[in-house]
Each structure stands twice: as C-alpha cells, then as structure tokens.
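>>> Provided below are the primary sequence and the corresponding predicted coordinates.
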Amino acid sequence: MSELLQFLFSGVTVGAVYALVALGFTIIYNASDVVNFAQGEFVMLGGMITFAAHAAGLPLPLAAISAIVLTAALGVGMNKLAIEPARGAPVVSLIIITIGASIFIQGAAQIIFGKQIHSYPAFSGDTPIGVAGATILPQSLWVIGGAVAVFIALWLFFTRTLLGRAVLATSNNRLAAQLVGINTNFVMTLSFALSAGIGALAGVLATPITLTAYNVGIAFALKGFAGAMLGGMGNPKGALVGGFAIGLIEALTAGYLSSTYKDAAAFVVILAVLFFMPQGLFGRKSTDRV
Amino acid sequence: MSALLSIEGLGIGFGGIRAVNDVSFSVRPGEILSVIGPNGAGKTTLFNMISGVYRPDAGRVVLDGEDVTAIEPHLLARRGLSRTFQNLQIFQSMTVLDNAVAGYHLRESGSVLADLFSLPASRRRAREAREGARALLARVGLERAAEREAGNLSYGALKRLEIARALALNPKVLLLDEPAAGCNAVETEEIDHLIAEVAKSGVAILLVEHDMKMVMRISNHIVVLDHGEKIAEGDPATVSQNPAVIAAYLGTEEAAHADG
C-alpha cells in the first residue's frame, strides 16, 4: 500500500511538470494550430537560467523570476524571427520550423551552459514529508501547486477575459477575428510569451528534483505532447488531466514493470490515442464544412 | 451630406493582369451603393482592397476624411468599417451567440485583471454584450438558434449571422459581399429588408450582389465594373438602360452574332 502511494506521489510530481508543458502546447495550438516542439526547450531554459543566475549570486526567487521573464522574451523572439516570417505557410511547415528552433536552442544552450548536469537548492528544504508510510518532497508540492495554479489562471483567462476569448477567436478563424477588430499578430506574440513563460516555470520548479542539462528538453516536449494528445489537443482541462495521467502511467510502469520501460509508456499512450480516440479525452469532434 | 467612404483611383495588378484599374466612387451615410458586373469583373478584389485584405498598388481609400488605404483589417474595423464575405468567415465551432458577441470585442475595453477577478464592471460589460448580441440575432431572425454551434447552421442562416456580427461592431460603413447568394426567395427578401433598415439607421452600405432584382430594388446608386474598369454608374433606372452595361452582360451585338 505504502509502495503504491510512493509511486503515485512520484507520478503526480512528474505529471505536474508534463501538465505544465501540455498547457504550453495548448496555448500556442489554440492561437495558431501549431504544435510547438520547442516547448521542452523552454522547460530546460527555465532550469538552466535559474541555475546560472543563482550561481552568479542572485537570490533564488530573483533568479527564478528572471529565468521566466527571459524565456518568455525568447518565446516572443522565436515567434517574431521564425514563425511570423513564415506566416501563411502550411501548419506542417510551421511545426517543422519549431523543431528547428528546438535544435537551435539546444545547441546554443550546450555552448552557453556546457554539457554538465546542473541543479540548485530546493525552495523549502529537502526534508521529505511522511504520509501514510510514503514520503513526498516539499519541492514536489511546489511543482504540483504550480501546475494547478497555472491551470486555474489559464482557465479564467480563456473563459473570462476579453483577451483570452480573442485568442480563442483567432484560433477559430483568423480572418474573422481580424474583422471584428482583433489584432491577431499581438495574439500570437502573447501566446508565445505565455507558453514560454509557463514552460520556464515548469523548469524552475522541477529542476531541484529532476536536475537539468542542455538536452532534457526533448523528453519533456514529447511527454507533454503525449499528455496534451491524451487530454485532447487545445483543451486546457485535457492538458492538465493528460499531463498528470502520463506522469502516473510512467511512475506505475517504472514501479511495477521496470524502469527500462518508463519512457516507452508515453509513446504507447500516443499510439493508443491516435488509434482509438484521436480527439482525446476532452477534445472536440472536428467537423469540417465542405 | 458629404461622402463617408471615398474610393479614389483604386487599382491592383496580379502578375501583369490589372484585376482592378482606376476605380473611383463614393458612398454617403444611409446610402446603398451596389457594385455589379459579370463574373471576374473584379468586384470581390475591389472589396478586398477596401477592407485591407489586399494592398492596392494605386489609388486611395478615404474613410470619414482619413486615408485608410491598406491599413490592416483589425484597425479598419476599429475605425468603423465592417464587412461580410462571399465565402463565409464564421467562427464555426463557437455558438451562434458567441459569434455575435465576438462582434462586441471592440466596444469592450476592460482590463485583463478586472475580467480575471470578474469585477462587477466586467460582468456588466459581458452581460451587455450578450444582451446586445441577442437583440442583433433577433433582428436577423436567429434568436432561436443562439445556443447552437454555428457550424451546424444552414447557409442562409450563416449569411445572416455574419451580418449580425458585422452590425455588432456598430459600423459606419458596411461592405456586404453577396449577402443573398445561396439564399431562397424568402430569405433574400428578409435580407433585403434588413439591409434597407440598416441603411435607414445612417450606415453607408456597399453591396456586391448577383441577384439583379434585389440590386435594382434596394440600391440608391450602382457602379458597374467590367474587366476591372468602371464602365458606368448612376441610379438603377439609368444603369439598366446603359448600352455599355447591356453589352458587358449580354455581349455586344457582333459577339452575339458571332456566337450564333
């Protein structure tokens, strides 16, 4: 029993990170139908920049904030320099551009931060909290709390605010959105900033547990993508549930089967979703008018 | 009354072909001006230039005394120019009501924070937008479809929804691209009444339409295009008697003989 609980704790922790990545996918997908495969690099940058700033003498909270702001700015830069010039290109081309951006960011990070594995102290110490025979790290609570808080903020943003609804309108029909006075370029810029910021936050929160290196991004991206697919691409609730589900499946696979198959779990889920329910758990059925 | 929208020598070419060449006319508040012409005459291209979708390579568009040539569609919408499309531009997966509410986007100006915390002011604004949108839906006869997904509506209903959304912007100038295309006789007459009513409220209306009966019935002024050039203009009676117009539509006598 306590063994299962322990697996669940670790699954929820890593699932929260995947959920944040999946939420990042959701925002950009909603604004542009593009799946941004550089999403994982934002997570890596969040951890890396926090490490570097902290190592340079900045207090941890300040280092974390500067990492989020810098990464968000980088997301905007990526939109301006790589996505916007290709506006009008098919979505598949734009997705391939994001893969290119991902490789570029990874290479730059390798040069700037080196190949070592980095980390920094946990926010509230390393003393595990005992719950019914299992333990959970205080940092895990930070990660889980972060994912839930971001989800609630995003949900309110998309359902309640004019700007949030403008993002949804833009994704639905860009030309129609322009006609009702929505600045669709600004919507895209905002989406990349938000998405990159949220990715960076995931990195900032998770790094004390997962550690970081220049090449950790791609795994986060693929697993977050699996979560977003499972939940239904474009649906924030789906991203949250899907992300946590992938984390749990992974932890249970590692616990009860073998940790060798841990990474395979996410890909089995992607395949199962594509075969049996392409619209995911909460996705809309797409109907195209001919 | 002076012109609300003036088109001055507007032109555009695509790869050596002048799709529209040196077209000028103006519309006053409350006036219904129709642009007619055979297929491929450049009517929709003209509309796309006026509404900022295409960038003209010659001429100017003047809205309410300001040069608005080639400014982006979302900025034009803010200045009071609104349009519908021949091939509908609807938010397909939103409800009918939400489509109309989207038209209120410009009138609302709440801050993101006020919306996030659902402050009374932002709740009131949202309620006003919904009420206004419902009233507009009633005006176009769609009030009972308000909660349905727009993608499931009939073609004629979508045409009216697009007009409702355009009206939600509270436009000074409304461009309608074939509002009656694909509609049956009853629907066409409803759209007729709707357009006349909107014009009466002081909106300048620019209409592209193939239904000649409708055009002759509701237009105050008609501009005829052929091969991208303006070949005639005037009131419906004058234009329908104009030999150049008849030739453009029916072919010249020699051409008719040659064909026969």
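Happy to help now that I have it.
>>> Quick one: the strands in the stretch 101-250 of chain A, in order.
Per DSSP state E, counting those that start in this stretch, the stretch 101-250 of chain A carries strands over the ranges A:129-131, A:134-136.
>>> Need the residues that contact the first one.
Contacts made with strand A:129-131 from outside it, assessed by CB atoms under 8 Å, 6 or more residues apart in numbering or on different chains, are listed as A:5, A:9, A:135-138, A:141. All C-beta spots, glycine's among them, are computed from the backbone N, C-alpha and C.
>>> Tell me the spacing between residue A:89 and residue A:32.
Distance of residue A:89 to residue A:32, given as CB to CB, to the nearest Å: 11 Å.
>>> Compare these two (neighbour count), which wins?
residue A:32 (23 against 12; other CB atoms under 10 Å in any protein chain shown).
>>> which residues sit in contact with the nearest residue to the more buried one once chain neighbours are set aside?
Residue nearest to residue A:32 in three dimensions, not counting chain neighbours: residue A:188, with 6.1 Å by CB to CB, 6 or more residues apart in numbering or on different chains. Applying CB under 8 Å, 6+ apart to residue A:188 gives the contacts A:31-32, A:79, A:83-84, A:170.
>>> quick one: residue A:137 and residue A:125 touch, right?
No - assessed by CB atoms under 8 Å, residue A:137 is found out of contact with residue A:125, at 9.1 Å.
>>> Tell me which of the two has more neighbours.
residue A:137 (20 against 10).
>>> For the more buried one, give me its contacts.
Residue A:137 neighbours (CB under 8 Å, 6+ apart): A:13, A:122, A:126, A:128-129, A:209.
>>> ok, 7 Å please
Neighbour list for residue A:137: A:122, A:126, A:128, A:209 [criterion: CB atoms under 7 Å, 6 or more residues apart in numbering or on different chains].
>>> Can you add pLDDT, distance to residue A:236 and neighbour count and give the residues you listed back as TSV?
Shown next, in TSV, are those (pLDDT from 0 to 100; distance: CB to CB, whole Å; neighbours: other CB atoms under 10 Å in any protein chain shown):
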residue	pLDDT	distance to residue A:236	neighbour count
A:122	88	28	18
A:126	82	32	11
A:128	85	31	13
A:209	90	24	18
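>>> first vs last residue of stretch B:83-98, how far apart are they?
Across stretch B:83-98, the terminal residues are separated by 18 Å (CA to CA, to the nearest Å).
>>> Name the residues of it that are buried.
Judged by neighbour count (16 or more other CB atoms under 10 Å in any protein chain shown), stretch B:83-98 contains these buried residues: B:83-86, B:88-94, B:96-98.
>>> Could you see whether chain A lies near it?
Yes - judged by CB under 7 Å from any CB of the partner chain, stretch B:83-98 comes into contact with chain A through B:83, B:89-94.
>>> could the residues you listed go into a markdown table alongside pLDDT?
Formatted as a markdown table, the residues of stretch B:83-98 next to chain A follow (pLDDT from 0 to 100):
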| residue | pLDDT |
| --- | --- |
| B:83 | 85 |
| B:89 | 83 |
| B:90 | 84 |
| B:91 | 84 |
| B:92 | 82 |
| B:93 | 80 |
| B:94 | 84 |
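>>> Any chance of a markdown table for those residues, columns secondary structure?
Below are these laid out as a markdown table (DSSP: H, G, I helix; E, B strand; the rest coil):
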| residue | secondary structure |
| --- | --- |
| B:83 | strand |
| B:89 | coil |
| B:90 | coil |
| B:91 | coil |
| B:92 | coil |
| B:93 | coil |
| B:94 | coil |
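>>> Checking my notes, residue B:60 in a strand, right?
Yes - Residue B:60 forms part of a strand when assessed by three-state DSSP.
>>> for it, which residues make a bridge with it?
residue B:8 (DSSP bridges).
>>> Could you pull up the contacting residues of it?
Here residue B:60 is in contact with B:8, B:67, B:69 (CB under 7 Å, 6+ apart).
>>> That one and chain A, how far apart?
Here the criterion is CB to the nearest CB, to the nearest Å. By it, residue B:60 lies 21 Å from chain A.
>>> Could you do residue B:131 as well?
Where chain A is concerned, residue B:131 sits at a distance of 16 Å (CB to the nearest CB).
>>> Where does that residue sit: helix, strand or coil?
Classified using three-state DSSP, residue B:131 is helix.
>>> Measure how buried it is and give me the count.
Count around residue B:131 with other CB under 10 Å applied: 11.
>>> now do residue A:85
11.
>>> Run through the stretch 151-290 of chain A and note the low-pLDDT ranges.
When residues are selected by pLDDT under 70, those of the stretch 151-290 of chain A lie in A:284-290.
>>> sorry, back to before: now distance to residue B:132 too, for the contacts of residue A:137, in JSON lines please.
Compiled in JSON lines, these are given as follows (distance: CB to CB, whole Å):
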{"residue": "A:122", "distance to residue B:132": "52"}
{"residue": "A:126", "distance to residue B:132": "57"}
{"residue": "A:128", "distance to residue B:132": "57"}
{"residue": "A:209", "distance to residue B:132": "51"}
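>>> how about those residues, which pair is most distant?
A:128 and A:209 (11.6 Å; CB to CB).
>>> got the residues of the stretch 151-290 of chain A near chain B?
Counting by CB under 7 Å from any CB, the stretch 151-290 of chain A sits next to chain B at A:156-157, A:160-163, A:166, A:169, A:172-173, A:175-176, A:178-184, A:284, A:287, A:289.
>>> sorry, back to before: mark which of the contacts of residue B:60 are buried, thanks.
B:8, B:69.
>>> pLDDT for the contacts of residue B:60 - can I get that in CSV?
Listed next are the contacts of residue B:60 as CSV, based on pLDDT from 0 to 100:
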residue, pLDDT
B:8, 90
B:67, 90
B:69, 88
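>>> Quick one: neighbours of residue B:153, just the number.
Residues near residue B:153, counting by other CB under 10 Å, number 21.
>>> Can you give me the buried ones in stretch A:236-247?
Buried residues in stretch A:236-247 (16+ other CB under 10 Å): A:236, A:238-247.
>>> Please apply the same query to stretch A:127-136.
A:134, A:136.
>>> cool, and stretch A:116-124?
A:118-120, A:122.
>>> Mind putting those residues into a markdown table with distance to residue A:48?
Output for these, formatted as a markdown table (distance: CB to CB, whole Å):
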| residue | distance to residue A:48 |
| --- | --- |
| A:118 | 7 |
| A:119 | 11 |
| A:120 | 10 |
| A:122 | 17 |
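>>> of those residues, closest to chain B?
residue A:122 (30.1 Å; CB to the nearest CB).
>>> you'd agree the closest one is up against residue A:138?
Yes - between residue A:122 and residue A:138 there is a contact under CB atoms under 7 Å: 6.4 Å.
>>> so how far is chain A from residue B:237?
34 Å.
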